[in-house]
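Visitor: one predicted model, sequence on top.
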4 protein chains.
Amino acid sequence: MADRDVSGFFYPRTATGRSSLLPPPPWYYSGDLLTVEYRTDPERVAALLPAPLAPARQDPGAVALIWADWQSCGADRVELLDPVRSQYKEAFVVVRCSFDGGTYSRCAYIWVDKDFAMLRGIHQGYPKKLGSIHMTRSHPMTEAAPAIAPGGRFGATLAAADRRLAQVVVTLAEPSSSNGFVNGHPMAHHRWLPSIDGAGDAHVELIESGGASATIGPTYRADVDEISLFDSPTEELADLPVREVIGGYYRQVGVVWDGGRTLWKG
Amino acid sequence: MADRDVSGFFYPRTATGRSSLLPPPPWYYSGDLLTVEYRTDPERVAALLPAPLAPARQDPGAVALIWADWQSCGADRVELLDPVRSQYKEAFVVVRCSFDGGTYSRCAYIWVDKDFAMLRGIHQGYPKKLGSIHMTRSHPMTEAAPAIAPGGRFGATLAAADRRLAQVVVTLAEPSSSNGFVNGHPMAHHRWLPSIDGAGDAHVELIESGGASATIGPTYRADVDEISLFDSPTEELADLPVREVIGGYYRQVGVVWDGGRTLWKG
Amino acid sequence: MADRDVSGFFYPRTATGRSSLLPPPPWYYSGDLLTVEYRTDPERVAALLPAPLAPARQDPGAVALIWADWQSCGADRVELLDPVRSQYKEAFVVVRCSFDGGTYSRCAYIWVDKDFAMLRGIHQGYPKKLGSIHMTRSHPMTEAAPAIAPGGRFGATLAAADRRLAQVVVTLAEPSSSNGFVNGHPMAHHRWLPSIDGAGDAHVELIESGGASATIGPTYRADVDEISLFDSPTEELADLPVREVIGGYYRQVGVVWDGGRTLWKG
Amino acid sequence: MADRDVSGFFYPRTATGRSSLLPPPPWYYSGDLLTVEYRTDPERVAALLPAPLAPARQDPGAVALIWADWQSCGADRVELLDPVRSQYKEAFVVVRCSFDGGTYSRCAYIWVDKDFAMLRGIHQGYPKKLGSIHMTRSHPMTEAAPAIAPGGRFGATLAAADRRLAQVVVTLAEPSSSNGFVNGHPMAHHRWLPSIDGAGDAHVELIESGGASATIGPTYRADVDEISLFDSPTEELADLPVREVIGGYYRQVGVVWDGGRTLWKG
């Protein structure tokens, strides 16, 4: 089914493949994650789960709100020396669901700040928009930075279309082996492509994906000082209100992502 | 094949559809177009045409380099009053090709500056990246603007990943009924979605699309004072060198786009 | 007092002067202005007026909230053909004051989206911050744009530091000779430079400035459909609440600015 | 001379001082510095030194090209939890000069990516423009990041007005006590404010400033793999060509800045 007289993993494809906005997987990531987990009304989560997905059997109202400050690259690592092509930040909302007897994580909303990250979303089924994402950075010199240590305070903010959508503040409490449970399963994501003639979708696929490998760095449980979600005419993030805070986490991580598999075709 | 227990034309889909980055077509556009046409080596154009496309039978080395400064919206025009959601600029390269006896235009490269424009590209088969695009704007008060009249000089520039990729300067010469010929056919675009397991493409489709209707405003032929294409490690635009300038055009236009049709499936 | 073994109107100064972020005045502007005027509590305006300024004798609570979409350049107009250097947008708040028997306009807050505009503020006494400013653009093709005609609806928005600060919507009503009265006087602005040793200011000057000439284009009175001011931890714009809407205006204008004069030295 | 019926360290001043784009010093910084030092033609450096400055007596052609990735805040550290207000990057060119028997460092050109950093430049005499600045970030998880260790490779790039201006690549060699010598002296900067009537400058002052204190973190000498300077119609950075590479350095640092003193008034 593939067409390879032009090459390139994704758009634009040319004879050389050099123009492709994305190199072929595997993709490599190093970054910092700030996670807050909370419970919202389970029916609000259920409303985000199209067939063939069902709500998670346990704790179906659990939500993870995650910020990540990443550097990423392809196998030749060339982007790392031209860092405008490797650095990006993202903020995303993860819920859980069940399919065929298994439990999956699923990204409901996500904002990124680079085009290559946005196009990866088309491949991986992340529903990406552009946003302005910021997250306090730790630094060994603490004149203007928290340490990754108990008492370290981190803030994270998200805006899109010139509106602040979310902000959180956490204070690191103690080392933790866990980074939370909501984003801990393989991802179950829909890949949809609307039909060009307007009649439904030309492609509907549920895929499973996740890190092919991960290196876990320092991880802390954190007290959650603030979770604020703001309304916007184009977003429904604030329709997942915080009913009960579960906890906060800060983790440094390295990840390799190398594709996934089809779970179901619509 | 469609899944409609969630709604929304494209990502992210929710119960209400309100979060979708794109409203359903038709999509409405008002804007200014600056076009320069030139001939490059025909084999460079041919190398950009995957099967089942073939080079255009006449003038197969013709290229159009086009800048557009747009306002766009959906049927309810709500984006127009929150203009961060309706204004965007783009620069793109168009060549011609033939398929099944007909002549088509085809966008080889394109850069836009908003996420909604980028996602439209996934639907319409435009291989969009983010860029920084600028184009001189006419104004009735000419203290710091050209008039849309003979002698009016317009510049246009394109950058991506912090590198200038192209710049042109034109001087309006006289009213014209033509806006050039390279971008004058229906578009023939591939819609590719790579397989999640890395084995080729999960979806390969050639689609035809074009404006459902257009309102033509003032149009001028222009003398082309400069076309400069710059090299970049991630782009192949400069591999379409200018062998002969054909001409320049400036046009104000309104367009309605309302989908297309499948020409071929891979 | 001047030092001219390096040249350049403003930073950075070099032997050639070519690097200066600003050319010497006169500066030329073509653009569109959207103005809404309203009355707030007069003491809120008075609190923004340092000595030697006093409140305006008439209508001391009048405020103009103005959006402008500009193209600007120096005498050689070279920026117009490299439009990233000539296009910018701004949103600003104007109040009135009195000094030495005269009435002046004064910019209390202003946000711009380019560095050259920000540095002009240091010269002209506009207290500029960076912001994200958008304003509906008219277009002769109305598929996705209002006409500059009765019934034309325009929105304008302002954000800074990832927060929406203000948004307005107006509907053009009828042609008008007036563009409002709050921004109609010469500007009285302080130029302050804090002392490098922290002891007060090294330079305190009140200057008068205004357009050296202006070309007035189409001007409409507009009905004001919405004025919304939003709170922010770093801004006090919302502390000028709308007590009474005065009116709205839309104007296309060309301006030449060529310096001003010192009114008073601190 | 100061006027304190409004308050705020710098623009805009209000009754509360809350709107000021800058808090009063001291200012706190944590960040990473990448430095490459080289020799250019000494007369090119001399041409950047206005009276009363003279070239440095030793090694008068030495130049440091420095990238910094900062987090900064005022005394209450509130910006750290709203990191869009604390994070910024800069790239700058430092030369040396002599005044009154002493040797000083001096910033010839500098680009930053936030407004608060740009306004600090007006106070400190740094000739700041906006730019797009990127620098490879180290990370403890090295999937997509260098370690701060021998062999770690870092790239840094600078663009302004949609043009790439400079890029460097270095490879860390071994721990070093030195971070280079060009930026190692107190800074001697001019603070100029052009007269509002166009007649020279209203304020001319040479000030001395530098970090009030600094905490030095890991520092490495680095091999310089690439220094590329690109031409631009608005910049003269490429007029400081690399005649001889001196060396490269990578350092993590914390700094407190708390004002300076006047060296000379024009």
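Guide: Ah, there it is.
Visitor: next, the angle from the helix or strand A:Leu206 falls within to strand B:201-229.
Guide: Using DSSP states H and E, A:Leu206 falls within strand A:201-229. Between the axis of strand A:201-229 and that of strand B:201-229 there is an angle of 80 degrees, by axes from the mean of the first three to the mean of the last three CA atoms, to 10 degrees.
Visitor: and for the residue nearest the centre of chain A, nearest residue in space, chain neighbours not counted?
Guide: Centroid-nearest residue in chain A: A:Phe92, 4.8 Å away (criterion: CA atoms, centre = their mean). Taking CB to CB, 6 or more residues apart in numbering or on different chains, and ignoring the residues beside it in sequence, A:Phe92 has A:Ile110 as its nearest neighbour in space, at 3.7 Å. No exception for glycine: its C-beta is placed from N, CA and C like everyone else's.
Visitor: do the same with A:Trp111
Guide: Using CB to CB, 6+ apart and skipping residues adjacent in sequence, the residue nearest A:Trp111 is A:Gly131, 2.9 Å away.
Visitor: the one you found: neighbour count?
Guide: Here the neighbour count serves as a burial measure; for A:Gly131 (other CB atoms under 10 Å in any protein chain shown) it reads 25.
Visitor: swap in A:Gln58?
Guide: Under the criterion other CB under 10 Å, the count of neighbours that A:Gln58 has is 10.
Visitor: so which residues on the stretch 1-150 of chain A come close to chain C?
Guide: The interface of the stretch 1-150 of chain A toward chain C, taken as CB under 8 Å from any CB of the partner chain, is made up of A:Ser132, A:His134.
Visitor: how about the strands in the stretch 1-150 of chain A?
Guide: A:27-39, A:54-55, A:62-73, A:87-99, A:102-112, A:128-130, A:132-135 (DSSP state E, counting those that start in this stretch).
Visitor: any idea how far the residue of the stretch 101-250 of chain A found nearest chain B is from A:Pro194?
Guide: Nearest residue of the stretch 101-250 of chain A to chain B, counting by CB to the nearest CB: A:Gly200, 2.8 Å away. Using CB to CB, to the nearest Å, one obtains 8 Å as the distance from A:Gly200 to A:Pro194.
Visitor: for these two, indicate the residue with more neighbours.
Guide: The neighbour comparison of A:Gly200 against A:Pro194 (other CB under 10 Å) goes to A:Pro194, with 21 against 14.
Visitor: what does the stretch 101-250 of chain A have sitting close to chain D?
Guide: So far as CB under 8 Å from any CB goes, the stretch 101-250 of chain A lies against chain D at A:132, A:134-137, A:139-146, A:153-157, A:159, A:167, A:169, A:215, A:217-218.
Visitor: partner residues bridging the residue nearest to the centre of chain A?
Guide: Beta-bridge pairing of A:Phe92 under DSSP bridges involves A:Ile66, A:Ile110.
Visitor: my read: it touches A:Tyr126, true?
Guide: Yes. Here A:Phe92 reaches A:Tyr126: they are 7.3 Å apart, a contact under CB atoms under 8 Å.
Visitor: how many neighbours does A:Ala68 have?
Guide: Here the number of neighbours of A:Ala68 (other CB under 10 Å) works out to 23.
Visitor: what touches both of A:Phe92 and A:Tyr126?
Guide: When contacts are counted by CB atoms under 8 Å, 6 or more residues apart in numbering or on different chains, A:Phe92 and A:Tyr126 are jointly contacted by A:Cys107, A:Ile110.
Visitor: chain neighbours aside, what residue packs nearest to A:Ala145?
Guide: The shortest distance from A:Ala145 to any non-neighbouring residue, by CB to CB, 6+ apart, is to A:His139 (3.5 Å).
Visitor: from chain C, how far off is that neighbour?
Guide: Computed with CB to the nearest CB, to the nearest Å, the distance linking A:His139 and chain C is 21 Å.
Visitor: quick one: contacts for that residue?
Guide: A:Ala145, A:Ala147, D:Ser30, D:Gly31, D:Gln71, D:Gln252, D:Gly254.
Visitor: pull the most distant pair out of these.
Guide: With distances taken as CB to CB, the most widely separated pair in the contacts of A:His139 is A:Ala147 and D:Gly31, at 14.8 Å.
Visitor: neighbour-wise, which of those two wins?
Guide: The neighbour count for A:Ala147 versus D:Gly31, taken as other CB under 10 Å, is higher for D:Gly31 (27 against 13).
Visitor: spatially nearest residue to the more buried one (excluding sequence neighbours)?
Guide: Sequence neighbours aside, D:Trp70 is the residue nearest to D:Gly31 in space, at 3.8 Å (criterion: CB to CB, 6+ apart).
Visitor: separation between the residue nearest to A:Ala145 and D:Gln71?
Guide: Distance of A:His139 to D:Gln71, computed by CB to CB: 7 Å.
Visitor: what does A:Ala75 give?
Guide: When distance is defined by CB to CB, A:Ala75 is 32 Å away from D:Gln71.
Visitor: the two - which one has more neighbours?
Guide: For A:Ala75 versus D:Gln71, neighbours defined as other CB under 10 Å are more numerous around D:Gln71 (24 against 12).
Visitor: show me what that one is bridged to.
Guide: On the basis of DSSP bridges, D:Gln71 is bridged to D:Ser30, D:Gln87.
Visitor: then A:Val168?
Guide: Per DSSP bridges, residues listed as beta-bridge partners of A:Val168: A:Ala156, A:Ile227.
Visitor: mind listing what A:Asp223 touches?
Guide: For A:Asp223, the contacting residues are A:Val170, A:Thr171, A:Ala173, A:Gly248, by CB under 8 Å, 6+ apart.
Visitor: per-residue confidence for it?
Guide: As summarised for this prediction, A:Asp223 has a pLDDT of 98.
Visitor: how close does it sit to A:Glu174?
Guide: Computed as CB to CB, the A:Asp223 to A:Glu174 distance reads 10 Å.
Visitor: may I see the buried residues of the one helix or strand A:Gly259 maps to?
Guide: A:Gly259 belongs to strand A:244-265 when assigned by DSSP H and E. Within strand A:244-265, the residues that qualify as buried are A:246-260, A:263-264, counting by 16 or more other CB atoms under 10 Å in any protein chain shown.
Visitor: relative to strand B:201-229, how tilted is that strand?
Guide: Put simply, strand A:244-265 runs at 100 degrees to strand B:201-229, going by the same axes, to 10 degrees.
Visitor: residues of the stretch 151-266 of chain A that sit close to chain B?
Guide: Within the stretch 151-266 of chain A, the residues that sit near chain B (CB under 8 Å from any CB) are A:161-162, A:190-205, A:207, A:209, A:233-236, A:258-262, A:266.
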